[in-house]
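**Q** Just to be clear, the model below is a prediction. Sequence and coordinates:
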Number of protein chains: 2
Amino acid sequence: MLKRYKLIVEYDGTHYAGWQYQDHVETIQKILEEALYKFSQQSIRLHVAGRTDAGVHALGQVAHFDLDTSTRLMEASQIAKAINAYLHDHPISVLSCQQVDEHFHARFSAIQKHYCYQILNRISPPALQRHYVWHIRQTLQEDAMKEAGQFLLGHHDFSAFRAKECQARSPFKTLDRIAWSREGAIIKIHFFGKSFLHHQVRNMVGTLVEVGLGKRHPTDIPVILASKMREQAGVTAPPQGLTLVNIDYENQIVDKTPCC
Amino acid sequence: MLKRYKLIVEYDGTHYAGWQYQDHVETIQKILEEALYKFSQQSIRLHVAGRTDAGVHALGQVAHFDLDTSTRLMEASQIAKAINAYLHDHPISVLSCQQVDEHFHARFSAIQKHYCYQILNRISPPALQRHYVWHIRQTLQEDAMKEAGQFLLGHHDFSAFRAKECQARSPFKTLDRIAWSREGAIIKIHFFGKSFLHHQVRNMVGTLVEVGLGKRHPTDIPVILASKMREQAGVTAPPQGLTLVNIDYENQIVDKTPCC
């Protein structure tokens, strides 16, 4: 009998070629599927909520999979422990495993995703945070960046912020909310929306930083959006500043026992 | 003419054999002194505030040095930039360089040091924070730990919390304050005092964790202190959870221009 499970996964993306399976390189999906195989002896395919790029991190990535439980009965919480036991050498950690409804889909059932982008804004290079921030030496005008961010909110054709390789059928997305916070010299920009185009967050951040440096004006944003041309927007912010923080779903949990 | 400079340094201690110079291994002091030599062509000895152990980190380590400025005049802020230029491959970063009074001493002029110890308290292993936390799976009773911490405050003979190799002349120290904070599953314990014995913070944390696990009672702390015997206290908490956050000094800055 096939049962569906939802995993919440934390990982440090620094030394991986991103989430998605690729031959000959280490990816998060490959390592997790190998761990799933080792404990279950079944070839299990993971379906992920957000395919993160090389160098991008996750505090709360979500993936689902189907497991044939006819030969071996296992509590969801024990599955999490079993996977983690095979991930020992990797900075990848299953935070929870819960049995879900057969209609649950990590990607399509998501109602909101939360990404955070971290910028270290000081002269000195990063030491402790070097794999988790974009280092900008010149002082950023945060007020101008916040003003620019307001123009990105809502439902738009985000073609100007879309990577060439993006496979989404439509360039229309809705950006629900942007929130700003600070921790010492680190500026954190939080983006909330149901889904994002490939590189959309990093391209928005690259453009906001150009506003913060005074190279662009906040009111350039609507012009960039209207152009629908990638070359009108700013650079793609580097991957290491980006973290997938959390994904919200409708309540589809079958087994409500928290396991971690 | 010799001028004295104060450096504030951030570093990730993960891959270093601690602060202090040693032959044949990489230490923070060795790498910084090499960088100082490269830019000044002078053999400069650094005097540090707190010699951190292998794996221990710093957000605000302080060191001072004397530089012969007769042949070459240099702004303090340019010294910071010059050192950082030679630290490129290392997760070590000079946050500021300021000229100080000839009586300033990084270690002896310090009036308060702030250390932070991070514990990740959840079942799942750490991924993003693996080099910066002590992972404890069992739920810690924080209230009991806080109660135990109260008994450590003040002026005591801390022999029970002192490493065998400790070179301090006296085992008496004053612990001014302990503060607690939380970030998700991470418990942060902040220790404030003028100075600490070797391993004192890590030995206090190891003992507090044993209280949090129910293996000891908060009122065991005064008994442990009174015993003055290292074997009466708890284990030494692992180094990677510890960070030297900040050091306060009397106002001895000569050049007040902030440089970073």
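**A** Nice, I can see it. Numbering: from 1, shown residues only, chains lettered A, B, ... in the order given.

**Q** Sketch out the helices for the stretch 51-200 of chain A, chain order is fine.
**A** Under the criterion DSSP state H, counting those that start in this stretch, the stretch 51-200 of chain A contains helices at A:76-85, A:142-150, A:200-212.

**Q** And the shortest one, what's buried?
**A** By that I understand helix A:142-150. Buried residues in helix A:142-150, defined by neighbour count with 16 or more other Cβ atoms under 10 Å in any protein chain shown: A:142, A:144-149. From N, CA and C alone the C-beta is placed, and that goes for glycine too.

**Q** Pick the one among those closest to chain B.
**A** For these, the closest approach to chain B (Cβ to the nearest Cβ) belongs to A:Glu142, at 18.2 Å.

**Q** so which of the helices of the stretch 51-200 of chain A gets nearest B:Ile178?
**A** Closest approach to B:Ile178 among those (Cβ to Cβ): helix A:76-85, 32.2 Å.

**Q** Next, see if the closest one gets close to chain B.
**A** Yes - contact of helix A:76-85 with chain B (Cβ under 8 Å from any Cβ of the partner chain) involves A:80-81, A:84.

**Q** worst-scoring helix or strand of chain A, pLDDT-wise?
**A** Of all helical and strand segments in chain A, the minimum by mean pLDDT, DSSP states H and E falls on helix A:76-85, at a mean of 92.

**Q** from what I can see A:Val209 touches A:Thr139, true?
**A** No - the pair A:Val209 and A:Thr139 fails to qualify as a contact (Cβ atoms under 8 Å) at a distance of 11.9 Å.

**Q** Between these two, which has more neighbouring residues?
**A** Using other Cβ atoms under 10 Å in any protein chain shown as the criterion, A:Val209 and A:Thr139 rank with A:Val209 on top: 25 against 11.

**Q** Spatially nearest residue to that one, not counting backbone neighbours?
**A** A:Ile136 (6.3 Å; Cβ to Cβ, 6 or more residues apart in numbering or on different chains).

**Q** got it, and A:Glu165?
**A** Distance criterion Cβ to Cβ, 6+ apart; nearest residue to A:Glu165, sequence neighbours excluded, is A:His198 at 6.1 Å.

**Q** just A:Tyr249 next, same as before
**A** Leaving aside its chain neighbours, A:Tyr249 sits nearest to A:Ser109 (5.3 Å; criterion: Cβ to Cβ, 6+ apart).

**Q** Could you check the pLDDT of the one you found?
**A** What the model reports as pLDDT for A:Ser109 is 95.

**Q** Could you report the distance from it to A:Leu197?
**A** 19 Å (Cβ to Cβ, to the nearest Å).

**Q** Tell me the residues of chain A that contact chain B?
**A** Proximity of chain A to chain B, by Cβ under 8 Å from any Cβ, involves residues A:10-12, A:57, A:59, A:80-81, A:84, A:87, A:91-96, A:122-128, A:130, A:132, A:243, A:259-260.

**Q** switch the cut-off to 7 Å
**A** A:10-12, A:57, A:59, A:84, A:91-95, A:122-128, A:130, A:260 (Cβ under 7 Å from any Cβ of the partner chain).

**Q** So which of these are in strands?
**A** A:10-11, A:57, A:59, A:92-95 (DSSP state E).

**Q** which residues in chain A form strands?
**A** With DSSP E as the criterion, chain A has strands spanning A:2-11, A:47-48, A:57-68, A:92-100, A:110-121, A:134-136, A:154-157, A:172-183, A:186-193, A:242-249.

**Q** quick check, nearest of the buried residues of helix A:142-150 to B:Ile224?
**A** For those, the minimum distance to B:Ile224 (Cβ to Cβ) is 48.7 Å, reached by A:Glu142.

**Q** Now do the contacts for the closest one.
**A** A:187, A:212 (Cβ atoms under 7 Å, 6 or more residues apart in numbering or on different chains).

**Q** How about A:Val133?
**A** A:118-120, A:126, A:186, A:241.

**Q** Highest neighbour count among the residues you listed?
**A** Result: A:Gly241 is most packed of those (other Cβ under 10 Å), 28 neighbours.

**Q** Verify the contact between that one and A:Trp134 for me.
**A** Yes - at 4.0 Å, A:Gly241 and A:Trp134 qualify as touching, with contact defined as Cβ atoms under 7 Å.

**Q** list residues touching both of these two?
**A** A:Ile119.

**Q** So A:Leu2 versus A:Val48, what's the distance?
**A** Taken as Cβ to Cβ, the span from A:Leu2 to A:Val48 is 19 Å.
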